[in-house]
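Engineer: the following block contains a protein sequence and its predicted model.
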Amino acid sequence: MTGRFDAGALLRFATAACRAAGLDADKAHDVAEVLLDGDLMGHDTHGLGLLAPYLDSLAAGDMAAEGEPEVLSATPVVQAWNGRKLPGPWLVRRAIEAADQAAAVFGLGAVSIAQSHHIAALAAYGPAVAARGRMLVLTCSDPATASVAPWGGTQRVITPNPLAAAWPTPDGPVILDVSMSITTNGMTARRRAEGTRFPGQWLLDGAGNPTDDPNAFWGEPAGTLLPLGGVEAGHKGFALGLLVEALTSGLSGTGRAAAPKGWGASVFVLVLDPAKFGGAERFLAESGWMADAVRGNPPRPGFDQARLPGDRAMARRAKALAEGIVLHPAIPPALEKLAARHGLALPLSQGG
């Protein structure tokens, strides 16, 4: 099935699938909307392609359908939660709300979450926070698995450990979502399935040799993803990956040392209110100046324009909402199977 899909119809379908699988209305809506936003913004390895695996995890008991996070500790500014394997998108949105309320009073608020389920595309959480004039910093790791070796090593220690942030400018948000490895587990699996190689040496084979072959990741011994910076400067990416470990599993108090099992995440959420620092107007003056300096920068050969992080994602999102969304070819067949499982009608594509 090809063509464009109406975003609203996909949201209703994904919400209905989550409800049929056992999630209540709020959790179903948050899971469906965050996954859809991943596809709308171009993060299609972390979009609706995760819907069936999420619901499989729910059926297997690895994702919890009911309940609330356990508040382990709390101050007026900082909270620590045990997420109890509840759906990641729902937990992160609740954590952002709590941090935002603290930021409105104190200028900043933070929530750490241990034992969350997977939280999907981190970029999806940023636009709403930036639209309120606030700044979001969000990062996560999965302490139950590993795919990245330390700089100079050959065995897996950490995950890609993405770091996302969002903040306002006078003409829209800056949105970044960057893994601390060159590529991700999901993209490596996709290239293996497609039979394609990476455009550069983005992995190490089991002996520690750089390679562009995604199959090396599943070799014997297993390969690893190279840290951000690759063979020349991967020490920087790995150092940032360790920072993410400290912010997520470290601050939440539960991580790799506890040897957890199952698909999940340790999460750190920070919301800042520029109005409580140098002032909202001055913040926008600075972010606006930088936005103009970036977009007005003379482009180098092969580029039409220099762009801010998030410019392309937000443009893609706006176009998809207006004209329909083109899903990655692997996603519609998976949604068709999910529709059949739950007796739902998959939205028809436009032109396919």
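Structural biologist: Noted; the coordinates are in hand.
Engineer: please make it C-alpha for all contacts and neighbour counts, starting now.
Structural biologist: Fine.
Engineer: isn't residue 253 right up against residue 143?
Structural biologist: No. At 11.6 Å, residue 253 and residue 143 do not qualify as touching, with contact defined as CA atoms under 8 Å.
Engineer: please say which of those two ends up with more neighbours.
Structural biologist: Just comparing residue 253 and residue 143: by other CA atoms under 10 Å the higher neighbour count belongs to residue 143, 27 against 20.
Engineer: could you measure from the closest residue to that one other than its chain neighbours over to residue 222?
Structural biologist: Among residues not flanking residue 143 along the chain, residue 256 sits closest, at 4.7 Å (CA to CA, 6 or more residues apart in numbering). With distances defined as CA to CA, to the nearest Å, the gap from residue 256 to residue 222 amounts to 19 Å.
Engineer: with residue 25 instead?
Structural biologist: Here the criterion is CA to CA. By it, residue 25 lies 41 Å from residue 222.
Engineer: ok, residue 296 next?
Structural biologist: If you go by CA to CA, the gap between residue 296 and residue 222 works out to 45 Å.
Engineer: residue 25 and residue 222: which has the busier surroundings?
Structural biologist: Under the criterion of other CA under 10 Å, the comparison of residue 25 against residue 222 puts residue 222 first, with 18 against 12.
Engineer: look up phi and psi at residue 341.
Structural biologist: Listed backbone geometry of residue 341 is phi -60, psi -40, with angles given as degrees, to the nearest 10.
Engineer: ranges for the strands of the protein?
Structural biologist: 4-5, 70-74, 78-82, 108-116, 135-141, 163-169, 172-178, 203-204, 210-211, 224-225, 265-272, 325-326 (DSSP state E).
Engineer: pLDDT on the longest one, on average?
Structural biologist: This means strand 108-116. For strand 108-116, the per-residue pLDDT values average out at 98.
Engineer: same question for the last one.
Structural biologist: Averaged across strand 325-326, the pLDDT comes to 95.
Engineer: try the third one
Structural biologist: Within the predicted structure, the mean pLDDT of strand 78-82 is 98.
Engineer: now it - C-alpha only, CSV.
Structural biologist: As requested, C-alpha coordinates have been extracted for strand 78-82 and formatted as CSV (Å, rounded to 0.1, in the frame of the first residue of the first chain):
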residue,chain,number,x,y,z
VAL,A,78,12.8,18.0,41.3
GLN,A,79,10.9,14.6,41.2
ALA,A,80,12.1,11.0,40.8
TRP,A,81,9.6,8.5,39.5
ASN,A,82,9.5,4.7,39.0
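Engineer: name the strands paired with that strand and say parallel or antiparallel.
Structural biologist: Applying DSSP bridges to the sheet, strand 78-82 is found paired with strand 70-74 (antiparallel), strand 108-116 (parallel).
Engineer: relative orientation of it and strand 265-272 in degrees?
Structural biologist: Direction vectors for strand 78-82 and strand 265-272, defined by axes from the mean of the first three to the mean of the last three CA atoms, to 10 degrees, enclose an angle of 160 degrees.
Engineer: please state the offset of strand 78-82 from the chain centre?
Structural biologist: Relative to the centre of its chain, strand 78-82 is centred 20 Å away, using CA atoms, centre = their mean, to the nearest Å.
Engineer: OK, contacts around residue 306?
Structural biologist: Listed by CA atoms under 8 Å, 6 or more residues apart in numbering, the contact set of residue 306 reads 294-299.
Engineer: same thing with residue 314?
Structural biologist: residue 41.
Engineer: from residue 50, how far off is it?
Structural biologist: As judged by CA to CA, residue 314 and residue 50 stand 21 Å apart.
Engineer: residues near the spatially closest residue to residue 74 that is not a sequence neighbour, how many?
Structural biologist: With CA to CA, 6+ apart as the criterion, residue 74 has its nearest non-adjacent residue at 6.5 Å, and that residue is residue 80. Other residues near residue 80 number 22, with proximity taken as other CA under 10 Å.
Engineer: show me what contacts residue 80?
Structural biologist: 71-74, 111-114, 252.
Engineer: check these and tell me the two furthest apart.
Structural biologist: 74 and 114 (14.2 Å; CA to CA).
Engineer: compare those two (neighbour count), which wins?
Structural biologist: residue 114 (29 against 11).
Engineer: so that one sits against residue 249, correct?
Structural biologist: Yes. The pair residue 114 / residue 249 is scored as a contact, 6.9 Å apart, by CA under 8 Å.
Engineer: who touches both of the two?
Structural biologist: Counting by CA under 8 Å, 6+ apart, the shared contacts of residue 114 and residue 249 are 255, 266-267.
Engineer: and residue 235, how far from residue 294?
Structural biologist: As for residue 235, its distance to residue 294 is 27 Å (criterion: CA to CA).
Engineer: between these two, which one's more packed in?
Structural biologist: Neighbours around residue 235 and residue 294, counted as other CA under 10 Å, are more numerous at residue 235. The numbers are 18 against 15.
Engineer: give me the number of residues near the nearest residue to residue 119 once chain neighbours are set aside?
Structural biologist: Counting by CA to CA, 6+ apart, residue 119 lies nearest to residue 88, which is 4.1 Å off, once chain neighbours are set aside. Neighbour count of residue 88, defined by other CA under 10 Å: 27.
Engineer: quick one: which of the contacts of residue 306 is nearest to residue 322?
Structural biologist: Using CA to CA, residue 295 comes nearest to residue 322 of the contacts of residue 306, at 24.3 Å.
Engineer: pretty sure residue 88 contacts residue 118?
Structural biologist: Yes. Between residue 88 and residue 118 a contact is recorded at 5.1 Å, counting by CA under 8 Å.
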